[in-house]
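> Task: produce atomic coordinates for the following.
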Amino acid sequence: MIFLQQTAEQLLDTAAQRQSALVTIMNFVPLLVINSLSVWFITHVLYFKKSRNRLYYFTFILLSTAIFVLLFMAQGTKLQMGAALGLFAVFGILRYRTEQVNVREMTYLFYLVALSVANGTSPNVKWSLAFSDPGTLVSSKEFMLILVVNIVFVLVASTMEFSVNRRRRATKLVKYDNIDLIVPEKREELKADLEKRLGIKITNVEVGSVDFLLDCCLLNVHYDPTGVDRGPNTVNQNIRMK
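Residues are numbered from 1 along each chain as shown. This next block holds a predicted model:
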């Protein structure tokens with residue numbers, strides 16, 4: 001009799017463990033899908049299509065996924081938020097300690113980390129069967145809240161990206177040799193000469209320092225970046241013209 005009772009208790013414990021594992025998987029999968037889709041959209045559609053920087057594309061996707069998974073696995077502990085900040089600090093030091101990062105890339109990195117933290121530390125999503133339509137999965141209020149949060153993140157990033165870049169202008173520092181064209185009366189000729197040499201549509205030119213001994217000057221050229229490859233320019237980031 002005691003043996004049967006112990007066997008029954010073991011079977012119940014095994015069933016409870018399997019049910020708990022199944023619930024964890026059912027909680028993890030939808031959150032992972034939502035986080036991955038949101039991160040991919042922000043990275044690919046909003047960031048990559050304008051920057052064409054594959055290095056940060058790789059970094060954003062993997063770092064966001066890693067933080068989400070680690071925080072999800074740490075649910076139930078008291079160190080979730082501290083762990084999130086600690087992970088970001090460690091990854092940031094290891095990844096960017098010797099590299100200058102643009103403001104745009106760093107902003108996207110913080111934004112995606114915040115999104116992954118919000119998804120990874122969110123309440124467990126509870127799925128249940130709809131009695132009105134057997135076999136149909138319906139989500140809880142927490143799941144709808146997570147969807148709304150992700151939609152807000154995507155909409156805010158999309159709105160800011162498209163509104164700010166609608167009339168975006170880029171600049172280029174040019175060391176120019178024909179100083180006869182830098183006078184205000186020949187500004188249109190100067191723009192035409194620069195457009196011919198650089199192959200870009202120039203909107204404005206600012207004249208900087210002038211060296212009459214070497215017959216050259218520094219120009220700050222403003223141009224329309226539409227159709228121009230705006231990938232990472234390590235020359236402009238690390239080297240200044242002398």
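> Now do whichever strand in the chain runs longest: which elements does it pack against?
Taking DSSP state E as the criterion, the chain has its longest strand at strand 201-211. Counting contacts by 3 or more CB pairs under 8 Å, 6 or more residues apart in numbering; DSSP states H and E, strand 201-211 packs against helix 187-198, strand 216-224. Backbone N, C-alpha and C define where each C-beta goes, glycine included.
> Residue 33 is nearest to which of these?
strand 216-224 (38.8 Å; CB to CB).
> Now do the closest one and strand 201-211, the angle between them.
160 degrees (axes from the mean of the first three to the mean of the last three CA atoms, to 10 degrees).
> Can you point out the buried residues in strand 216-224?
Within strand 216-224, the residues scored as buried using 16 or more other CB atoms under 10 Å are 217, 219, 221, 223.
> list the helices and strands it packs on?
strand 170-176, helix 187-198, strand 201-211.
> With mean neighbour count as extra columns, can I get the ones you listed in TSV?
Shown next, in TSV, are those (neighbours: other CB atoms under 10 Å):
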stretch	mean neighbour count
strand 170-176	15
helix 187-198	14
strand 201-211	13
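> Nearest to residue 105, out of these?
strand 170-176 (15.9 Å).
> model confidence over that closest one, on average?
If you average the pLDDT over strand 170-176, you get 85.
> With just CA atoms, put it into PDB.
Extracted in PDB, the C-alpha atoms of strand 170-176 (Å, rounded to 0.1, in the frame of the first residue of the first chain):
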ATOM      1  CA  ALA A 170      24.800  65.100 -45.000                       C
ATOM      2  CA  THR A 171      28.100  66.900 -44.800                       C
ATOM      3  CA  LYS A 172      31.500  66.200 -46.100                       C
ATOM      4  CA  LEU A 173      34.800  67.900 -45.300                       C
ATOM      5  CA  VAL A 174      36.700  68.700 -48.500                       C
ATOM      6  CA  LYS A 175      40.200  70.100 -49.000                       C
ATOM      7  CA  TYR A 176      39.800  72.300 -52.100                       C
END
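> Tell me the helices and strands packed up against it.
helix 187-198, strand 216-224.
> Among these, which comes closest to residue 144?
Using CB to CB, the nearest of the helices and strands packed on strand 170-176 to residue 144 is strand 216-224, at 42.8 Å.
> The helices and strands packed on strand 216-224: which one's closest to residue 38?
strand 170-176 (28.5 Å).
> you'd agree residue 220 is up against residue 175?
No - in this structure residue 220 lies outside contact range of residue 175 using CB atoms under 8 Å: 11.3 Å.
> can you list the domain ranges for the chain.
2-164, 170-238 (automatic domain parsing).
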